[in-house]
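>>> A predicted structure for the sequence below; I have some questions about it.
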There are 2 protein chains.
Amino acid sequence: MAKLKRSRQREAIIAFLQTRKDHPTADTVYMSLRETMPNLSLGTVYRNLSLLAEQGKILKFSCDGKVDRFDGFVHPHYHFMCVDCGEVSDVEMDMTELLTKAAAEHTDGLITGHTVLFKGYCARCRENNQTA
Amino acid sequence: MAKLKRSRQREAIIAFLQTRKDHPTADTVYMSLRETMPNLSLGTVYRNLSLLAEQGKILKFSCDGKVDRFDGFVHPHYHFMCVDCGEVSDVEMDMTELLTKAAAEHTDGLITGHTVLFKGYCARCRENNQTA
DNA sequence: GTAATAATGATTCTTATTTTCATTATATCC
DNA sequence: GGATATAATGAAAATAAGAATCATTATTAC
């Protein structure tokens, strides 16, 4: 696979991700795009999501260790997951320098990046569910 | 399962995790314990790891979204994964207050915890592999 | 337009984890 | 200390997300 060619499917996938702020799973991408591309295949979705993530055009991460989630926005930011409803949202803060510097003092490795995942109750679940 | 009973297997699993600093997977736990408990079953290992994690007696997390890893040390700390050899080590720093406070300003949810995963090259791979 | 080859859709295969269920171990009660 | 209740086990089958395969189609270069 020396030189890659464009594909309608790949372009639809990245365009779709850039319209969504909710970090959809591969299956959600598939289901959504299927409405306009009825013979899109799930394998193609997985293939392209992996490829795009390798190229750094999208982010791939997991909150629960089970399902991968994808993010069309690659600027540095952290994530927040509601432990009640499962919604994953962005936390627009970037403490890269601070965290990297602090971590460097606690390891002899070379730190090239990090991810942060906050957990808790989103505004909606916090209200509904007064136990939180 | 109103009241739980003790079991040799469960106690062996937690004891084993408390001797290891390398965040073993379920399979590693299984393989290791099998040497002294030859008829231990993998299902029992999974069952107990999940149970112990729910009880907060061990930590369950994932670095790659594929395999779960387990940690017998539950005090607050972060993790570092070498992208070359895959080794996962502890970073003994705790910025809970700072991060929680900063994040609270960027969300209307209630933040109850967070995880941080650093990535990079461990000391050994950094030396071997001068490309890093 | 033709040739070369990357990408697709459909399907099968992997692999980590979960579930099921008959049997065994643990705790309780007398 | 034995009988009883039930949680936990071992072995095996079931799930489910993701990766791999392969014949066919689409894209790019000439």
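Everything's here; your move. Numbering: from 1, shown residues only, chains lettered A, B, ... in the order given.

>>> and A:F70, which of the three is it?
Here A:F70 takes the strand state, with states given by DSSP: H, G, I helix; E, B strand; the rest coil.

>>> ok, now which ones touch it?
A:17, A:23-26, A:29, A:49, A:53, A:58-60 (C-beta atoms under 8 Å, 6 or more residues apart in numbering or on different chains). Backbone N, C-alpha and C define where each C-beta goes, glycine included.

>>> one more time with 10 Å, if that's ok
A:13-14, A:16-17, A:20, A:23-26, A:28-29, A:45, A:49-50, A:52-53, A:58-61 (C-beta atoms under 10 Å, 6 or more residues apart in numbering or on different chains).

>>> which members of these occur in helices, if any?
The helices, defined by DSSP state H, take in A:13-14, A:16-17, A:26, A:28-29, A:45, A:49-50, A:52-53 from the contacts of A:F70.

>>> so which of these wins on neighbours?
Among the ones in helices among the contacts of A:F70, the one with the most neighbours (other C-beta atoms under 10 Å in any protein chain shown) is A:I13, at 29 neighbours.

>>> and the residue nearest to it when sequence neighbours are not counted, how far is that from B:Q9?
Nearest residue to A:I13 in three dimensions, chain neighbours excluded: A:N48, at 5.1 Å (C-beta to C-beta, 6 or more residues apart in numbering or on different chains). Separation of A:N48 from B:Q9 (C-beta to C-beta, to the nearest Å) stands at 43 Å.

>>> more neighbours, those two?
A:N48 (20 against 15).

>>> what's the separation between that one and A:F61?
17 Å.

>>> the helix or strand of chain A with the lowest mean pLDDT near chain B anywhere?
Sorting the helices and strands of chain A by mean pLDDT, DSSP states H and E puts helix A:123-128 at the bottom, at a mean of 91. Yes: applying C-beta under 10 Å from any C-beta of the partner chain, one finds helix A:123-128 in contact with chain B at A:123-126.

>>> care to break chain A down by domain?
According to automatic domain parsing, chain A comprises the domains A:1-72, A:75-132.

>>> near DNA strand D at all, the shortest one?
No: Domain A:75-132 stays out of contact with DNA strand D when judged by C-beta under 7 Å from any atom of the strand, the minimum separation being 12.7 Å.

>>> ok, now stretch A:50-60?
Yes: with C-beta under 7 Å from any atom of the strand as the criterion, DNA strand D is reached by stretch A:50-60 at A:S50.

>>> now do the end-to-end distance for that stretch.
With C-alpha to C-alpha, to the nearest Å as the measure, stretch A:50-60 spans 8 Å from end to end.

>>> can you pull the residues of chain A lying near DNA strand C?
Near DNA strand C, when you scan chain A using C-beta under 7 Å from any atom of the strand, you find A:1-5, A:7-10, A:37, A:39-44, A:47-48, A:65.

>>> filter these to the buried ones?
Among the residues of chain A next to DNA strand C, those classed as buried by 16 or more other C-beta atoms under 10 Å in any protein chain shown are A:10, A:40, A:44, A:48, A:65.

>>> show me which residues of stretch A:76-95 are buried.
For stretch A:76-95, by 16+ other C-beta under 10 Å, it's A:78-84, A:88-91, A:93, A:95.

>>> okay, buried residues for the strand ranked longest in chain A please.
When chain A is parsed with DSSP state E, its longest strand is strand A:110-121. Buried positions in strand A:110-121, judged by neighbour count with 16+ other C-beta under 10 Å: A:111, A:114, A:116-121.

>>> run the chain-centre distance for it.
When distances are taken as C-alpha atoms, centre = their mean, to the nearest Å, strand A:110-121 is centred 13 Å away from the chain's centroid.
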